[in-house]
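In: Structure for the following, please:
(2 chains)
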Number of protein chains: 2
Amino acid sequence: MTGTFVIAQGGGPTAVINQTLAGAALEVRKRHPDARVLGALHGVRGIRDGNYVDLGQLSEAQLRLVGNTPGAALGSTRDKPDEAYCKLILNGLQKAGADAFIYIGGNDTAGTQQILSEAAGGSIAMVHAPKTIDNDLAENDHTPGFISAAEFVAGAFLSIDLDFRALPGIYVGIVMGRHAGFLTAASAAWRQDETSGPHLVYVPERAFDITRFIDDIRTTYDRYGRCVVAVSEGISTADGKALVETLVPPERLERDQHGNIKLSGSDLTSVLEKALADHLPGKRARVDAFGFLLRGNIGTISQTDAREAFEAGAFAVEVASEGSGSVALQYDESTFMRKVALADVAGKTRLMPDNFLHPQENRLSETGLAYFKRLTPPKFRVAPPFL
Amino acid sequence: MTGTFVIAQGGGPTAVINQTLAGAALEVRKRHPDARVLGALHGVRGIRDGNYVDLGQLSEAQLRLVGNTPGAALGSTRDKPDEAYCKLILNGLQKAGADAFIYIGGNDTAGTQQILSEAAGGSIAMVHAPKTIDNDLAENDHTPGFISAAEFVAGAFLSIDLDFRALPGIYVGIVMGRHAGFLTAASAAWRQDETSGPHLVYVPERAFDITRFIDDIRTTYDRYGRCVVAVSEGISTADGKALVETLVPPERLERDQHGNIKLSGSDLTSVLEKALADHLPGKRARVDAFGFLLRGNIGTISQTDAREAFEAGAFAVEVASEGSGSVALQYDESTFMRKVALADVAGKTRLMPDNFLHPQENRLSETGLAYFKRLTPPKFRVAPPFL
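Out: A predicted model of the protein is given here:
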């Protein structure tokens, strides 16, 4: 190809989404030295509105520095284009003279690429490069961005368990994840032994029951003198309603512009604080929502994650030369990249496999733990406790 | 000395309080090879109740591993002993045959040592070794534990600013600190330039006004298309009341066992979320309380902090050979340790100097910024923004 590559970023920023941008831009330079590489600002909005930066102006060193920077350097968007919007994007791509469009993001991003690839009828290669801290993309063993966020969570729970060993109490950490519990489950990856936290893990894949939750905590506290708990923001009751929805009066529930209940607000924190104060009175209890701290944190970028994200960008350029498709990170003794159909990823949510969770108790199974230990092998050695 | 050293840890755990323990234990071994070193479990409680571990049983390598582990390995306590309790402690120390007691902690810990040193009348050297993420000890330029926590905060705000550059909105991060704003102010240490966050910093040293807060955010948002804000949990209105106290109905306010308003709960988060939703409607806004994540986080241990904490423990042993006192970290072109009187540290809270803050605006002055940049020099390089 001697033509034009357009690259954009969609959805929530991560620690390594810019590695994918750098990987794609540098791979174009290597394979197609004469091609233009345009970065669209704020995802498909930039294409619709004709806002680009010319990535060809940047040296390799500059692009590598962009890669090492967390956040989404081109800006991102939460827009989920419908067919009419997609027509505007397609016009924009044609106006830019695009031969290929690489869109880095999650399953909504893959969905946009699917609509676009159908509309373009093969005239422009529409490629999806994976990115999400939620780790919830179909066809993928894991996704770029997840490992760095998972290491933040694993390190936080290891640290907090040491803190609560010293000053006993109950700690509940709320972790991002509306539908998939991978990131919350990663809290257990660096547990030292059976006595250490997180002692309990609650994920959206299992119906949440507040009575059971309190009982679990009471039992653990009685056994270990403390209890450290990881909870997904998306925990839902058996009828499929988000926990906050069942416990907060409707007029007080916060919603976003799409009408989704705002899980990142303080409602869930308050609800859990109140439940602990009411049912386990007199015990020191703290509930922290990790919020945005785990996403794109510059202090915990995994080198594996950074490398894989870079390679996913480079592989997207390879995919583009064969037409539209999605890059998937798969695993068979080692991680490798494969082209899969956009339709196999678009709009689909991959949940944690049932066998990742203990059949009765609110914790991981050996299978689940092995998965997280493979992705985030222990990074720190700590002393055996005196207590 | 050929006798017995007792060491204990008090107050909140940090990333490096165990370095001070290791530094003290290893210095005793070096200076007084025949002396016993006992670690009291859960601070002065362990002395009162006769619960010790014999640190003499650990190899140097084991002690160094303890040093590298966050949390308080001996366990900690929030007990603030009165004279009667101090009598029990003194009995305990005498029963253990102690010649010196090194107590690692903040200003309450120094206060306990002051009472004990008066009660002991010189028979046992009572030494305070400094520790607190709040950085609020009198006589100290900075305190062991602060730099690691400050780097967590600086890195988090750098990362969140990049995130909100990509997906614009308002972000408020609430940082620990009831009286002193050092840790919140450290959020600005790694700002890239005038356009980057945190754009606004609110600390307990300045009266907080919610109307001014909203106006500041509106102005910043209009100028930069986003606004990243650092707020101390201890922000108070002009009459000295904690903000939550003025905005939450008294019957809903959470209090700890000492009757102090619980700042670490979700009340402040809710209050600020509501203020943003009411006064800046339609804007994407997120409020995160950093909670315990910044304290003792294994992922962000500063090597400078670790070294200074170790040296503070070693210096405490040197101080003990001359009698009671407190170890202070002072600064004159470089950091050095000095013995100061317990009375000069005990129960005193050091606030941020007034000239650390801009006289009119809610941000740091050049003087303030220079202090934080000295303690936490930039650790990461990021790419100049496209946006």
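In: for A:Val66, phi and psi?
Out: phi -60, psi -40 (degrees, to the nearest 10).
In: Look up how far A:Phe292 lies from it.
Out: According to C-beta to C-beta, to the nearest Å, A:Val66 stands 21 Å off from A:Phe292. Any C-beta I mention is one placed from the backbone N, CA and C, and that applies to glycine too.
In: Could you list the low-pLDDT ranges of the stretch 1-150 of chain A?
Out: For the stretch 1-150 of chain A, the stretches with pLDDT under 70 are A:1-2.
In: can you give me the strands in it?
Out: Ranges of strands within the stretch 1-150 of chain A are A:4-9, A:36-40, A:52-54, A:98-105, A:125-130, based on DSSP state E, counting those that start in this stretch.
In: of the ones you listed, which approaches chain B most closely?
Out: Of all those, it is strand A:52-54 that lies closest to chain B, at 4.9 Å by C-beta to the nearest C-beta.
In: ok, A:Gly169 to B:Glu333 distance?
Out: 42 Å.
In: mind checking pLDDT for A:Gly259?
Out: Per-residue pLDDT puts A:Gly259 at 69.
In: ok, now the one 3 residues further on?
Out: Residue-level confidence at A:Lys262 comes out at 75, pLDDT.
In: so it makes contact with A:Val248?
Out: No: assessed by C-beta atoms under 8 Å, A:Lys262 is found out of contact with A:Val248, at 10.9 Å.
In: Looks to me like A:Tyr171 is in a strand.
Out: Yes: inclusion of A:Tyr171 in a strand is indicated when DSSP: H, G, I helix; E, B strand; the rest coil is applied.
In: dump the residue contacts of it.
Out: For A:Tyr171, the contact set (C-beta atoms under 8 Å, 6 or more residues apart in numbering or on different chains) comprises A:160, A:163-164, A:197, A:226-229, A:285-288, B:292.
In: and with 6 Å instead?
Out: By C-beta atoms under 6 Å, 6 or more residues apart in numbering or on different chains, the residues touching A:Tyr171 are A:160, A:164, A:228, A:286.
In: how deep is A:His279 tucked in, by neighbour count?
Out: A total of 15 residues lie near A:His279 under the criterion other C-beta atoms under 10 Å in any protein chain shown.
In: Share the number of residues neighbouring A:Tyr221, please.
Out: 18.
In: Could you pull up the residues touching the residue nearest the centre of chain A?
Out: Relative to the mean C-alpha position of chain A, the nearest C-alpha, by C-alpha atoms, centre = their mean, is the one of A:Ile133, at 1.4 Å. The neighbours of A:Ile133, taking C-beta under 6 Å, 6+ apart as the test, are A:14, A:145-146, A:149, A:295.
In: For those residues, which two are the farthest from each other?
Out: A:Phe146 and A:Arg295 (10.9 Å; C-beta to C-beta).
In: Between those two, which has more neighbouring residues?
Out: A:Phe146 (30 against 23).
In: Tell me what angle the longest helix along chain A forms with strand B:4-9.
Out: For chain A, the helix that runs over the most residues, judged by DSSP state H, is helix A:146-166. If you take axes from the mean of the first three to the mean of the last three C-alpha atoms, to 10 degrees, helix A:146-166 sits at 130 degrees to strand B:4-9.
In: on contacts alone, who are the packing partners of helix A:146-166?
Out: Secondary-structure packing of helix A:146-166 (3 or more C-beta pairs under 6 Å, 6 or more residues apart in numbering or on different chains; DSSP states H and E): strand A:170-175, helix A:303-320.
In: what about the closest residue to chain B within the stretch 101-250 of chain A, how many neighbours?
Out: Closest contact between the stretch 101-250 of chain A and chain B, by C-beta to the nearest C-beta, is at A:Leu162 (2.9 Å). For A:Leu162, the neighbour count with other C-beta under 10 Å is 27.
In: Now for it: which residues touch it?
Out: B:70-71 are the contacts of A:Leu162 under C-beta under 6 Å, 6+ apart.
In: ok, it to B:Asp222 distance?
Out: 44 Å.
In: Then A:Val201?
Out: 43 Å.
In: With neighbour numbers in mind, choose between the two.
Out: Legend: neighbour count by other C-beta under 10 Å for A:Val201 and B:Asp222, higher for A:Val201 (26 against 9).
In: can you list the residues of chain A near chain B?
Out: Taking C-beta under 6 Å from any C-beta of the partner chain as the criterion, chain A approaches chain B at residues A:13, A:53, A:65-66, A:69-73, A:75-76, A:155-156, A:158-160, A:162-163, A:166-167, A:265-266, A:269-270, A:273, A:286, A:288, A:291-293, A:296-300, A:380, A:382-383, A:386-387.
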